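*Asks:* Output the structure for:
(chains A and B)
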Amino acid sequence: MNGTKVLSLASVLFKSYFRASRLGRRSFFSNPRVLVVIDLILFAVSFGLLAYALPLVPANLRSTVRPAAVQALEVLPVLLTAAVIVTGVLFELGQSSGLASSEAVNWLPVSPGEYVLASSVSIMFTYSPLLFLCLGFTIPLAVNFGMLSAVPLFVMVSFVAFFWGGVIVEVLRSVMNRISSSVYKKSGRVGIVLRVILVVILLVAVQTAFNPYILYTALSGIVGGVSLVWFVPVVWPSVAVVSFVASDVFKATLFTLLSLMFTLLIFEGASKLRAKYWSPVPVSISVSTSTVYVPQGRALLWLDPVAFAITLKELRSLTRRREMTRFLAVPAVLVVASLLPILTSSAKARSDASTATLYLLFEASIILPIMLSSISIGQEGKSISNIYALPISTKQLVDGKLFLSWVISGVAILGIALLAQFVAPAAAPEFLAVLVAGLFNILIQGYVGLGAGLRYPNFTIGPRARFITFTGLMVAFAIGLLTTAGTFTPLIIYQAGFLGSLSLGSYGSALLTIILTAVIGTVLIILARIYCMQEATKLLSNMEA
Amino acid sequence: MDGITIESVRKTFDRKVAVNDLTLSVPPGEIHGLLGPNGSGKSTTMKMVMGIIKPDYGKIDLCGVDVLQQPLDAKRLIGYVPEQPYLYEYLTTSEYLDFVGIAYGVDLKSRRERVDELLQALQMKEYINEVMSGFSQGMKQKIAFTAALLHRPKVLILDEVLNGLDPRSAKIVKDILLRLAGEGVSILFSTHVLEIAEAVCSRISIMNEGSIIAEGTVQELRARAGMPSSTLEDIFLKLTGSEDTNKIVEALKL
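*Replies:* Prediction:
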């Protein structure tokens, strides 16, 4: 194994991750030296804050805080491993399989072991601010509560646990490539559907797991339970620290050694898997065994055949492209993330149903349509040349692109409304008024998002591709918030009880609210459509060279 | 007027002139080869004919349709194969051809006949229900070529159409082009393979730095270059000022 080659490759992987994804090509943060400085600043600030604050804890409270300090030392290694695995898997899901198979590293003289080590180091480095922040908070706790001697061991096992995260991501990547290729090749359309379902479930599970309430409950369970599950390798670093704090040197040494051996074992496993499934070869997937061509093409509702063909293409893009499927999970994530706080809140809070429903629909009716429609242009990538070359009108493009985001957002809004109604029922007139405002807002925000997507597309297809520039996203959400405020104004007036003086009764007030919402909503739809069509005309009139 | 007519077209990107006052006509039945070194303006010219890049000034007319004024009508007349066929690789062949066929307004019956005969000729029929992400460059090129011919275009714009094709498929494509020209289709054809240009094109334009520096049949170009018994390659190298390639290779420490 060549150390220089490994470090050089790790640096390339780290830079390509940053420059191709979240922060752009000229990103200040993609410089490894800058990240080292950030790491040190985070460590110094968190360390300084706690070192300053802890001596101020009153003596009578110190006995209460000490167990928390021990728990922090205990939980941190497990948390670090989990955090790196989760973020690593999410990154992998966002990567185009076509890109993965054409990585230059596949044909360079790099051994599987060198690649796994470099990739793990680059993942560790990418998420190193998290590690340094945690260490900065935890070390003062250990020092302040008389566990100074445990600090070197704690720092070492934290690094080991962090490294595990990177290596396990490599294992998962190889396994995912293998399973993905086999399932696709053998089961065609069924495989496509299965993968969509699995990705959605995975993303919902990850988001749920990181919900503050669930996380708090889970951590409470882990603390104190680490010693009980000593046979699970992931907790070995934690067991080593706990044993050392409890002055059980033999057990601390044993579990430290076991942790190091496990490091070697998973590294070897990851290298073997990488060697076997070196590169994900794009497989030919048959969606039907027939070789007969049966032409398709029809209109649907107000969509002419061309617009409907664009809609179908969008649907297939969402369900078949690995980097797109994650967007399908967003509605489900939003539903779960929104309803969890209600489900776990007190009965009194639950009874305030109308406010909760209003909040949920307000949030979902902005986020979903803007997100889905704003990415629909950039996700074309270089294939946008098809749209330029074919005789597709701006109306067909706009209608075809929007339909799917409207349908998905509409279904999600209905789902949220019905679930919220089930969890915390609101009065029927109020519920209807809220629903109408939500549905009108979806139509408006679809146009707003697509307009921004047309004006600020990002055609770069790469890891965690965003498909719209950061400016575009900000513009979309700024216009989205303004127009949403307009659409929801009658509802806010109604909920504030200002219509009571009109003596219309609950149904009358709700009806007036719905009519006012419809009028404002229709005007905003017309304005948003004009904006969207103008942007579509501009985009289609001249392709960037 | 039928065919392709380009009049005094200019295109600049920032301050770089990509195409400079270019005038060219391709009458019906002509296969017009567009040759030139990399960056000479061939692809930009083709994209302007397609109506997907706006010229700074000038006029482009396809079979009487002004490309700038009526871009959709112009696109309906054209079949286009780009240098890199960026297909929707997550679609199957049939789904992609459906998409293109619907956009061109080809009815179901004609589409079935056309797709069947073209895929049969290009030996792609067995891949009709396969997702295209696993296709080779040549297979993608065949699909792009099929898509370009679906609606029986009156004008064909082909940018390196034979890239990646095996010899048999390349021969079939060349034969199809000759037959289409015989049926009155105007074909603008760009290639770097000069033997192919010599074999297929009835007239050739050589571009350099955004301008046409020579135009005519191969015989006319030979006469103009004063090289009556030379190959098209020698003429090309002389006209584009890059004939002294031997010195370049000798200077390399291979």
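
*Asks:* Now do the helices in the stretch 51-200 of chain A.
*Replies:* Ranges of helices in the stretch 51-200 of chain A, per DSSP state H, counting those that start in this stretch, are A:59-93, A:97-101, A:112-126, A:128-144, A:151-209.

*Asks:* Kindly report the same for the stretch 151-254 of chain B.
*Replies:* Secondary structure of the stretch 151-254 of chain B, counting by DSSP H, counting those that start in this stretch: helices at B:167-182, B:194-200, B:218-225, B:232-239, B:245-251.

*Asks:* got the angle between the fourth one and helix B:218-225?
*Replies:* Orientation check (axes from the mean of the first three to the mean of the last three Cα atoms, to 10 degrees): helix B:232-239 against helix B:218-225 gives 40 degrees.

*Asks:* do the same with the first one
*Replies:* Inter-element angle recorded for helix B:167-182 and helix B:218-225: 90 degrees (by the same axes, to 10 degrees).

*Asks:* which residues touch helix B:167-182?
*Replies:* Residues outside helix B:167-182 that contact it (Cβ atoms under 8 Å, 6 or more residues apart in numbering or on different chains) are B:29-31, B:121-123, B:138, B:142, B:145, B:149, B:156, B:158, B:161-162, B:165, B:187, B:189, B:196, B:199-200, B:202. Quick note: C-beta positions are derived from backbone N, CA and C, even for glycine.

*Asks:* now with 6 Å?
*Replies:* Helix B:167-182 has contacts (Cβ atoms under 6 Å, 6 or more residues apart in numbering or on different chains) with B:29, B:31, B:121-122, B:162, B:187, B:200.

*Asks:* Now for residue A:404: which residues touch it?
*Replies:* A:311, A:314-315.

*Asks:* measure residue A:49 to chain B for me?
*Replies:* Here the criterion is Cβ to the nearest Cβ, to the nearest Å. By it, residue A:49 lies 49 Å from chain B.

*Asks:* Measure how buried that residue is and give me the count.
*Replies:* 13 (other Cβ atoms under 10 Å in any protein chain shown).

*Asks:* any low-confidence regions in the stretch 1-150 of chain B?
*Replies:* The model of the stretch 1-150 of chain B has pLDDT under 70 over residues B:1.

*Asks:* in it, which spans are helices?
*Replies:* All helices of the stretch 1-150 of chain B, identified by DSSP H, counting those that start in this stretch, fall at B:42-50, B:71-77, B:93-104, B:108-121, B:137-149.

*Asks:* Go through those and name the closest to residue A:259.
*Replies:* helix B:137-149 (48.4 Å; Cβ to Cβ).

*Asks:* can you give me how far that closest one is from the chain middle?
*Replies:* Helix B:137-149 has its C-alpha centroid displaced from the chain centroid by 13 Å (Cα atoms, centre = their mean, to the nearest Å).

*Asks:* helices or strands next to it in the packing?
*Replies:* In this structure, helix B:137-149 makes packing contacts with strand B:78-81, judged by 3 or more Cβ pairs under 6 Å, 6 or more residues apart in numbering or on different chains; DSSP states H and E.

*Asks:* Is any residue of the strand it packs on near chain A?
*Replies:* Yes. Remark: strand B:78-81 sits within contact range of chain A at residue B:80, by Cβ under 6 Å from any Cβ of the partner chain.

*Asks:* Can you give the distance of that strand from its chain's centre?
*Replies:* For strand B:78-81, the distance to the chain centre is 8 Å (Cα atoms, centre = their mean).

*Asks:* Give me the contact list for it.
*Replies:* Strand B:78-81 has contacts (Cβ under 6 Å, 6+ apart) with A:389, B:50, B:144-145, B:148-149, B:153, B:155-158, B:161.

*Asks:* Kindly reformat the helices of the stretch 51-200 of chain A as a markdown table containing mean pLDDT, mean neighbour count and distance to chain B.
*Replies:* Compiled in a markdown table, those are given as follows (pLDDT from 0 to 100; neighbours: other Cβ atoms under 10 Å in any protein chain shown; distance: least, Cβ to the nearest Cβ, whole Å):
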| stretch | mean pLDDT | mean neighbour count | distance to chain B |
| --- | --- | --- | --- |
| helix A:59-93 | 73 | 18 | 16 |
| helix A:97-101 | 50 | 17 | 6 |
| helix A:112-126 | 85 | 23 | 24 |
| helix A:128-144 | 85 | 20 | 34 |
| helix A:151-209 | 75 | 18 | 8 |
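
*Asks:* care to break chain A down by domain?
*Replies:* For chain A, automatic domain parsing gives the domain ranges A:3-276, A:305-541.

*Asks:* Endpoint to endpoint, the shortest one covers what distance?
*Replies:* Distance between the two ends of domain A:305-541: 22 Å, counting by Cα to Cα, to the nearest Å.

*Asks:* tell me the mean pLDDT over it?
*Replies:* For domain A:305-541, the mean per-residue pLDDT is 84.

*Asks:* Centroid-nearest residue for chain B?
*Replies:* Central residue of chain B (Cα atoms, centre = their mean): residue B:158, 1.8 Å from the mean position.

*Asks:* Return the residues in contact with that one.
*Replies:* Shown in contact with residue B:158 (Cβ under 6 Å, 6+ apart): B:81, B:189.

*Asks:* thinking again about what came up before, tell me which two in the contacts of helix B:167-182 are the farthest apart.
*Replies:* It's B:29 and B:122 that sit farthest apart of the contacts of helix B:167-182, by Cβ to Cβ, at 23.3 Å.

*Asks:* Fine, thanks again, bye for now.
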